[in-house]
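K.L.:
below: sequence and its predicted model.
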Amino acid sequence: MSKLIKERIKILMHNDRVFGFYLSSQILFFKLKIIVQLFFAKYFNKNVKVVTNKDLLSQCGDRRIKNVHVIGSGWSIMESLDSGNRMQSEDFIIGFNYSGLLHRYLKFNLYFFEFGGHQFFDTVKDHLEINSLLGDDCIKVFKNLWGEKNNIKSSAVNWGGQAYFVTDVLPHCISEQPNIIRKVLLRALDSNDSFLYQISSTAITSIIFAYHMGAKNIIIHGVDFGGQYFYETSDFICNNQPLNLNIFNKSMGQKQSDLAYSMNNVGATHPTSQGKVTINIILEHLNILLRERGVCLYSGSSKSPLSQILPIYLECEDESGD
């Protein structure tokens, strides 16, 4: 009986009107939840400073920026660095996770953090250290306060005064059905409210934010759906020189159980590439929607699995003669 009920609910949720109501209710729930949680975060630490999505867009300045680079921590970022990948001084660079270790090679303009809970203590320490390396001109943002890997008090104590706390929501793609995924993505792309929309991963969040900045080209680096982090690879060089990184935590070379997203295994799959609705699937739909709006989404590496979904940036640039 319960199985039959679940099947009927599943069929019902694929109805556009029903799912539209569900999506609106879900977003409202997250809005109310983050407002309450941020209130308590400020109670636990008076240094917690809250910003809205509109505040971030305003701080990021010129909304006519042509190129935005989104930097992940995957192994393929080495190719992007080695080629220079035509990152110009006027380009805008968004980082997250461990990509901040490349601060000597990339000038990050915006950086997202999301680990604040005591259960990931080593990761929190790593990210706080990365935060200190980025410089005062980088906008640092803590998100996902409502996430399972966080709790309000620890996050407030660790990140209050270190990064802005953003108002954010997480609409779920409950099915791999194209109409469901497109509806969720369209809600995020068409949103004009004060909340940062997150879908699946920080890479997707960054792409959506770059779109709202007015970017014409969004280039993704180091998002490989799995495998090693760039600092775990053996060919740890850039332009024939060993990378000069702040490897401050001995456990970074050999991930321990309390570090999130352990990826030592070359064949490992990232959590966002597991399950029914993976980042791979979402990127395919997001690419189509953005191109319909005159925005081009690129892979920064020809070696990354991402290049099987998105066109390669250097090749497209060479063809255009720019």
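P.N.:
That came through, no problem.

K.L.:
any regions of the stretch 101-250 of the chain where pLDDT drops low?
P.N.:
Applying pLDDT under 70 to the stretch 101-250 of the chain flags the ranges 233-250.

K.L.:
how about the helices in it?
P.N.:
Applying DSSP state H, counting those that start in this stretch to the stretch 101-250 of the chain gives helices spanning 121-133, 152-159, 178-190, 202-213.

K.L.:
and of the ones you listed, who's closest to Phe108?
P.N.:
The closest of the helices of the stretch 101-250 of the chain to Phe108 is helix 121-133. By C-beta to C-beta, the value is 9.6 Å. (C-beta placed from N, C-alpha, C; glycine too.)

K.L.:
restricting to C-alpha, output that closest one in CSV.
P.N.:
Taking Å, rounded to 0.1, in the frame of the first residue of the first chain, the C-alpha atoms of helix 121-133 are listed here in CSV:
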residue,chain,number,x,y,z
PHE,A,121,37.1,20.0,12.2
ASP,A,122,40.2,19.5,10.0
THR,A,123,38.4,20.8,6.9
VAL,A,124,37.2,23.9,8.8
LYS,A,125,40.8,24.5,9.9
ASP,A,126,42.0,24.2,6.4
HIS,A,127,39.4,26.5,5.0
LEU,A,128,40.0,29.1,7.7
GLU,A,129,43.7,29.0,6.7
ILE,A,130,42.8,29.5,3.1
ASN,A,131,40.5,32.4,4.1
SER,A,132,43.5,34.1,5.6
LEU,A,133,45.6,33.7,2.5
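
K.L.:
make residue 1 into 380 and carry on from there
P.N.:
In the new numbering, first residue 380, that becomes helix 500-512.

K.L.:
and that helix, what other elements does it pack with?
P.N.:
Contact here means 3 or more C-beta pairs under 8 Å, 6 or more residues apart in numbering; DSSP states H and E; on that basis helix 500-512 packs against strand 489-492, helix 531-538.

K.L.:
for the ones you listed, state which one has the densest average packing.
P.N.:
With neighbours defined as mean count of other C-beta atoms under 10 Å, those peak in mean count at strand 489-492, which reaches a mean of 24.

K.L.:
hang on, the earlier thing: nearest to Asn424, out of the helices and strands packed on helix 500-512?
P.N.:
helix 531-538 (4.1 Å).

K.L.:
returning to that earlier point: relative to Leu549, which of the helices of the stretch 480-629 of the chain is closest?
P.N.:
Among the helices of the stretch 480-629 of the chain, the nearest to Leu549 by C-beta to C-beta is helix 581-592 (9.3 Å).

K.L.:
and the contacts of that closest one?
P.N.:
By C-beta atoms under 8 Å, 6 or more residues apart in numbering, the surrounding residues in contact with helix 581-592 are 432, 435-436, 439, 442, 444, 447, 449, 451, 471, 473, 475-476, 489, 491, 493, 522, 567-568, 575-578, 597, 599, 602, 651, 658, 661-662, 665, 669, 672, 674, 676.

K.L.:
tell me how far it is from the chain's mean position?
P.N.:
In terms of C-alpha atoms, centre = their mean, to the nearest Å, the centre of helix 581-592 is found 8 Å from the chain centre.

K.L.:
same deal with stretch 404-416?
P.N.:
20 Å.

K.L.:
sorry, back to before: what's the closest of the helices and strands packed on helix 500-512 to Pro684?
P.N.:
Closest approach to Pro684 among those (C-beta to C-beta): strand 489-492, 22.2 Å.

K.L.:
buried among the contacts of helix 581-592? Make that a ChimeraX selection.
P.N.:
Only the buried members of the contacts of helix 581-592 enter the following ChimeraX selection, criterion being 16 or more other C-beta atoms under 10 Å:
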select :432,435,439,444,447,449,451,471,473,475,476,489,491,493,522,567,568,575,576,577,578,597,599,602,651,658,661,662,665,669,674,676
